[in-house]
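1. With the input below, show me the fold.
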Amino acid sequence: MQDSKRIPWKVHLEEWNVPWDWKIVLYVMAPYLMSTEVGFSVDLIHRESPLSPFYNPLETNSDRLRSVIHRSVSRVNGFAFTDNLINNIQSQVIPNSGDYLMKLSIGSPPINILAIVDTGSDLTWIQCKPCEYCFNQSSPVFDPEQSSTFRDVACGSNSCDQLLGNGRCDANNTNCEYSYYYGDLSHSSGLLAVDKFTFDSTSDSQFTAVSNMVFGCGHHNRGSFSDRGSGIVGLGGGPLSLVSQLGSETDGKFSYCLLPMFENSTSKLNFGSLSIVSNQGVVSTPLISKNPLTYYYLTLEGISVGNTRIESKPTDFSTEAGSEGNIIIDSGTTLTLLNEELYDELESFVKAAIDVDTTDDPNEILSLCYNNTSSIQVPEMIFHFTNADLHLNRLNTFIQTPYASLICLAMMPSQTAIFGIVESKGNSQNAIQSSIQNTDEVAVKFLVDQLLKTVVKLSVLFVFVNPYQPFPEDVFSYRWNQPFNLKNGWVLWGFGGLIAASSCVFLIKSLTSGLHVSQVQNEAEALLRLSPLIGASKISNVSLLAILGILTPICEETIYRGFLLTSLSKWLPVNVSVFLSSVVFTLAHQSPGKSTEIFIFGLALGFVYARTRNLLAPITMHACWNLAVVLILIYFKVQSDHFDEFFAPKLDKDGYQALYKKKTTEVYTGTYDVDGCATFFRRDRFSHVKKYEVEFNKAAQSLTDAVVPITQKKAALSRLLKDHVALIAVLEAKFSNHGADTPGKRQLLCVVRKLKCCNPKGFTLRMIYKDSNESLFYDPADIRLAPGERFQALIDQSRSRAHYIGSQVLLRNKNVTMNPDVVRVPVVPEAAMWYVGMVGIGTFPTSPPYMNYYLMIDSGSDLTWLQCHGATKTFNQDALLYPWEYSQTYHPLPCHTHPACTGDSCNTNGECVYRAAYASGAVATCVIAKETFSITGGGAFETLQLLMGCGFHQQNFVDLGNNRRIRNENDLIAGILGLGRGPLSFINQLGADGQGKFSYCLEKRSENIYAGGTYLSFGADATIGSGGQIVHRTPIVVPEFQFQTSAYYLNLEDITVGSNRVGFRSRDFELKEDGRGGCVIDSGAPYTVMYKDHFDRVAKLVVAFFKQNRMRVAAPTGDGLCFVISRRDYTVPIIKFHFQQQGEFVVLETGFLPIGGNVCLAIARSESDTGPAFILGAIQQVNKRILYDSMSMTLSFADEIC
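-> Model prediction:
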């Protein structure tokens, strides 16, 4: 025993008595000693390669190159219109000049398929029997009835929903149909299905089968598809792509390395662990997640030519140079396409660097070409992506043409930026890793997966060693007692070993790579693929801690130390056993870049276990190592009250003052969450003037105490609670440099910070006054009109609007339409609308994927409609009639399937129609259809599914939107955007997304009368009083009589001019049973309009006010009331409109317009008493935020500088 104390390692080694032999060790450790890189491959053949079934020996290389380039150009339109069940998948790729072909098999028994691989598509589809309209296919068409594993996907399933706008239910509402269009309008449609996919792996000559893969079974396929292929294999980023469906089996990763175009060889497409790129000099750049998810977006910060760097320019995907996701990487595009400005600058620098005479491209496609001689010295180019510089040599930047040894720059200018395969080919291997599930789903699935793997591994170990029980005392020993014992205390040796191992790693890395590299940084890089889960939610954090802090240490230490190290020491010295077990431990982790750290850590774990003979010691050490990394990463997500506890005090010491606004869900959940937004400023340079805390959640607070039904309260809260917050800080500069013309003026700075915690259910549309200089109707000749003429033009427009609203009510009341059961849309027969909006309609294989149309915005109309292609009669329209037949999302409403389609309202195709007739003789006949609307105003983007009218017969309409001086010209207006109160109006169709409300704030008009634009906001964007303004509210009145109207009626009680009330009674503006009278608020009328008797009473007080201020009535130049401006400091009376429930609408100087040398009242008298008694027009609404809320039936208004 004396020897054992002096030589503890030898004594412990002698005390280890392993009962099993070396065969058991090999059986158990075989999976870990063998390479885990197993997988499968499929052949990919280049169309221009002799290996390709597309190869045409009669074509020259010139023909092939021309086809390559044309396919790249056409491609742009598509963008513009251990434990490895299947963890390692490898597919052979054959370059197809942008079309790569993959061989796979589908069904049971498997049928061989050759299809185009496309990173710009999601759904994999092939032609299927019965093939009703299909392109010619030389190989047999897939027959679903012959496959025992084939089944259709049900309508309403998750897979069907993931098709988004490309899917719908079939006529029987049973199965899911898909429909895809491509850049040249080629298309495929059919049924969504699942079946078994089989891959013939070239990496190990084995077959790998994957069940329940979702794909499209195409029965209608037309376009520019080759007869040698069967369809498309989608490798995009969407949920239905092949990569996404392989899911956790491949960790959402794939990589490829492309060979030159005409080589008689194949490239490789690798999935899962085989896609890991770990060669020397590897760089990585993040993929940017943005819509559409199909494409893989990168951030190109600039390009260097030699020593000259060019910064990136804005693209279709980014309005700011260098902003995230400004270029797509695509295997389907041969050439690289750059923003035109960036390309021009790049080409000029390449020309200067080569300094040789250029040669024209005989194909007249590529713009920079040279004769390929030995004197050509092509400069190196570097594409600077985020955190990654990609060096490109001549092979990657120039393409060889067959003409007189001509070489050309393999890049082209384009509005859509795409990083093509010529730049990707050669020795450049590209790896793509995408997230395919939400973080909680991934975390839970990861936890369950690791738990099952741990159970399986330890069970296998138990099966092999169980026959040798009972084990010696120090084999598989987990001793909890005496944790701080110097001999074998698991806490003492666990933490001591951790400190020692960390110190060794840090020291070695410092000596080899510099002091700036820390173990935490390296370990964080090793966990990079888990970064979306770290700190993402409580579920993901708990899952990661359980995996890395419990499952992984128990499993690995039991196997590598408890079994392998113990077994090796039976035949080898303990030091050698520790060394060898650490080598196996390192190799099993498959992290070549981190092998040094892992090996050192493995040595430390081995020596700690050899010293203590207690597995709890290395398990504790291993767990603490893993948990330290995760907790540090979670900490740097800035959770809890780190702002107040850490950031604010630290910044205060450095001379900064901090303003902070938390987000909160206290109204709904009773908890107070922690993150938010902040503004910092130097105290010696700025002082804090005022702070505004904006929180969308606060809008819900009024409902918590409101006396409303609980169901309504919960529904409203669920819509309102978004946790969007903003912090607005007003700062004053302490050392202002005042100019000579601004002595002593304060210099104020407004700083805005905002935080959006989820996608807002709101959007904004730009409204353009149709006669402003922003409008397509703007006529410079109008500025030359005499002031009186301009003033009279506004009066005429206001009266026209009053007549329109009155005739609309009259029509609906008297049921003038030929069929009372048909949906009637009030189409204005003359220029009685004031604002124009541009919306995107439809879904097309273009960029952008919709067509923009100008529509008249009308709060007095319901259904939105426009003229459509194929119409038998139309009013003049310059814009293309809407091509509904090419839209992927156009679905006409079948007869009698919707409340909007009742009575005898069908055409011969069984589609729902409406026919509207007007007193002026105008008639419109349209088909009601469901279609996609895209709203791009206000810097945001929103896609909506709404019912609209597709007009096929419009007659006796005066051209919409034309003013009286350009009436004979064609019209760019295509129809009406209805914002009325009816069920088919734009706002009511938005449902929960629109929250039944919209708002606007009209800009102050300049002296030339013609206003600029404004913004029309819906849903969450429609807010009021966020700056602390006083908000007034009044009820929106619902007519009680037997007629329908889309106008917004209010109860007007009286009017005040200056300090004098007119003395109206409520019944003076009362809505009569026959539809006459009433008070309407309307943005379509420039002036406020009222009955003649009412106008005279108001005018009397206005005249008295100006008379008291010594201003006389101007000579009449029309129907308006004007006064001569006799002095500069004249004043105008304040006009107040007193609405019900103290809704006091105050009009200041905006109620009058300066016209030449006069100032005119912006109120006009109505020509008849058949319409509304009072219309509150747009000029009186200037500099007021107006919010229409059809859910609470209230109109809110507040003063605001628009």
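
2. which regions of the stretch 351-500 of the chain sit below the pLDDT cut-off?
-> Within the stretch 351-500 of the chain, the ranges that satisfy pLDDT under 70 run 363, 374, 401-404, 421-442.

3. Kindly report the same for the stretch 51-200 of the chain.
-> Ranges of the stretch 51-200 of the chain meeting pLDDT under 70: 51-100, 165, 181-186, 200.

4. same check, this time on the stretch 751-900 of the chain
-> In the stretch 751-900 of the chain (pLDDT under 70), the answer is 753-834, 847, 860, 899-900.

5. and the longest strand anywhere in the chain, which residues are buried?
-> Secondary structure assigned by DSSP state E gives strand 207-222 as the longest strand of the chain. For strand 207-222, burial by neighbour count (16 or more other CB atoms under 10 Å) applies to 208, 210, 213-219, 221. C-beta coordinates here come from the backbone N, C-alpha and C atoms, glycine included.

6. can you map out the strands along the stretch 251-400 of the chain?
-> Secondary structure of the stretch 251-400 of the chain (DSSP state E, counting those that start in this stretch): strands at 253-257, 267-272, 296-298, 300-305, 308-311, 327-329, 336-338, 369-371, 381-385, 388-392, 398-400.

7. Quick check: neighbours of the fourth one in the sheet, parallel or antiparallel?
-> Read that as strand 300-305. Strand 300-305 has its sheet partners listed here by DSSP bridges as strand 308-311 (antiparallel), strand 381-385 (antiparallel).

8. okay if I get those strands as TSV plus mean neighbour count and distance to K253?
-> Below are these laid out as TSV (neighbours: other CB atoms under 10 Å; distance: least, CB to CB, whole Å):
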stretch	mean neighbour count	distance to K253
strand 308-311	14	31
strand 381-385	21	18
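
9. Can you add distance to L1050 and give the ones you listed back as TSV?
-> Below are these laid out as TSV (distance: least, CB to CB, whole Å):
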stretch	distance to L1050
strand 308-311	54
strand 381-385	57
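
10. closest one to A974 among those?
-> A974 lies closest to strand 308-311 among the strands paired with strand 300-305, at 39.6 Å (CB to CB).

11. ok, residues contacting that closest one?
-> Outside of strand 308-311, the residues within contact range by CB atoms under 8 Å, 6 or more residues apart in numbering are 301-304, 321-322, 342, 345-346, 349, 384.

12. pLDDT of it, averaged?
-> Averaging pLDDT along strand 308-311 yields 91.

13. again, but for stretch 338-348
-> According to the model, stretch 338-348 has a mean pLDDT of 90.

14. Of all pairs in the contacts of strand 308-311, which one is the farthest apart?
-> Longest span within these, CB to CB: G322 and F349, 18.0 Å.

15. what about the stretch 1101-1202 of the chain, any weak spots by pLDDT?
-> For the stretch 1101-1202 of the chain (pLDDT under 70), the answer is 1117-1118, 1202.

16. so where do the strands sit in it?
-> 1122-1124, 1135-1139, 1143-1147, 1152-1155, 1158-1161, 1163-1165, 1174-1176, 1184-1189, 1194-1199.

17. if we compare the strands of the stretch 251-400 of the chain, which one ends up closest to V505?
-> strand 388-392 (26.4 Å).

18. Pull out the buried residues from that closest one.
-> 390, 392.

19. What angle do strand 381-385 and that strand make with each other?
-> Calculated by axes from the mean of the first three to the mean of the last three CA atoms, to 10 degrees, strand 388-392 forms an angle of 160 degrees with strand 381-385.

20. Pull up the pairing partners for strand 388-392, direction included.
-> By DSSP bridges, strand 388-392 pairs with strand 381-385 (antiparallel).

21. Only the C-alpha atoms, please, for the strand it pairs with, written as PDB.
-> What follows is strand 381-385, C-alpha atoms only, in PDB (Å, rounded to 0.1, in the frame of the first residue of the first chain):
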ATOM      1  CA  MET A 381     -11.800  40.200 -58.600                       C
ATOM      2  CA  ILE A 382     -13.000  40.000 -55.000                       C
ATOM      3  CA  PHE A 383     -16.700  39.900 -54.200                       C
ATOM      4  CA  HIS A 384     -17.000  41.300 -50.700                       C
ATOM      5  CA  PHE A 385     -19.900  39.600 -49.000                       C
END
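
22. So which residues make contact with stretch 372-383?
-> With contacts defined as CB under 8 Å, 6+ apart, stretch 372-383 is touched by 300, 303-306, 350, 353-354, 356, 370, 389-394, 396-398, 400, 405-407, 419, 423.

23. List buried residues within the residues you listed.
-> 300, 303-305, 350, 353-354, 370, 390, 392, 394, 396-398, 400, 406-407, 419, 423.

24. what sits against E132?
-> Applying CB under 8 Å, 6+ apart, the residues near E132 are 219-220.

25. Check which helices and strands the helix or strand containing C1001 sits against.
-> Assigned by DSSP states H and E, C1001 belongs to strand 997-1001. With contacts taken as 3 or more CB pairs under 8 Å, 6 or more residues apart in numbering; DSSP states H and E, strand 997-1001 sits against strand 1013-1019, strand 1184-1189.

26. Grab the CA positions of that strand and hand them over as CSV.
-> C-alpha atoms of strand 997-1001 as CSV (Å, rounded to 0.1, in the frame of the first residue of the first chain):
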residue,chain,number,x,y,z
LYS,A,997,-60.3,51.0,-39.6
PHE,A,998,-58.3,53.3,-41.8
SER,A,999,-56.9,56.8,-41.4
TYR,A,1000,-55.3,59.6,-43.3
CYS,A,1001,-53.9,63.1,-42.8
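
27. quick one: buried residues of that strand?
-> Of the residues in strand 997-1001, 997-1001 count as buried by neighbour count, 16+ other CB under 10 Å.

28. and which of those is nearest L947?
-> Of all the buried residues of strand 997-1001, L947 sits closest to F998, with 17.6 Å by CB to CB.
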